[in-house]
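1. Would you be able to build a 3D model of this:
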Amino acid sequence: MNQEDRERWNKKYTEGFEAEKDPSDLLINFLHLAKKGKALDVAAGLGRNSLFLAKNGFFVDAVDISDVAIEKLKSLHPNINPIHADLKTFRPQKESYELIINFNFLERSLFPYLKEALKKDGVLIFETFVEGTTSKTNKDYILRKNELLHSFLSLEVIFYQERPVKNSKEETVYKASLVAIKRC
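-> All right, here's what the predicted structure looks like:
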């Protein structure tokens, strides 16, 4: 496990990091496409999206590197299964999920495994930062223009957008949003 990443996120969560409390608008707007069942929340953090899914009838595997976040996830809802894992090495089980979500996190090596982990007609909802973001983030964690779209062209893309948004500090950042369905 990447000790440095784990410690960095544990410190953020311990020191009162102001995580978003409401579920993602993209998730709210496209949840209806997914059949009820098992969901995977990649880099679940403090669980805002996992909780929304659990309240909407999903059984959620919520994966995060932070053991502080995982401890908090344990008490959120009985339909949330917290999994403490390094997402650089985490491999979800093939054809296991009706829905996979990934927000504000990028680990390119996971892309093929996310596709494989979807069941037939499973839905992928993915949104993270793209070039043009003004924050001083490591470029390894920022998508290139249209990269997210090109990475998931083997799925049926229902929605794709790259747009500027305001972050919690009122800075303009750019995000790529994708909703896709595995048809075969």
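2. Every contact and neighbour count from this point should use C-alpha atoms.
-> OK.
3. So, low pLDDT: which residues of this protein?
-> For the chain, the stretches flagged by pLDDT under 70 are 1, 4-20, 133-138.
4. go again using 90 as the cut-off
-> Scanning the chain for pLDDT under 90 picks out 1-22, 46, 66-76, 131-142, 165-173, 184.
5. Okay, helices next: where are they in it?
-> 3-14, 25-30, 48-55, 67-73, 111-117, 147-151 (DSSP state H).
6. contacts for the fifth one?
-> Residues from elsewhere that reach helix 111-117 (C-alpha atoms under 8 Å, 6 or more residues apart in numbering): 91, 92, 93, 94, 95, 96, 97, 100, 151, 152, 155, 182.
7. what about residue 152, neighbour count?
-> 20 (other C-alpha atoms under 10 Å).
8. ok, now residue 92?
-> Residue 92 is flanked by 20 other residues according to other C-alpha under 10 Å.
9. what do you get for the one 10 residues further on?
-> Here the neighbour count serves as a burial measure; for residue 102 (other C-alpha under 10 Å) it reads 22.
10. can you tell me which residues contact it?
-> By C-alpha under 8 Å, 6+ apart, the residues touching residue 102 are 41, 42, 43, 125, 126, 127, 128.
11. Counting neighbours, what do you get for the first one?
-> Residue 41 is flanked by 24 other residues according to other C-alpha under 10 Å.
12. Please report how far it lies from residue 173.
-> 23 Å (C-alpha to C-alpha, to the nearest Å).
13. All set, thanks.
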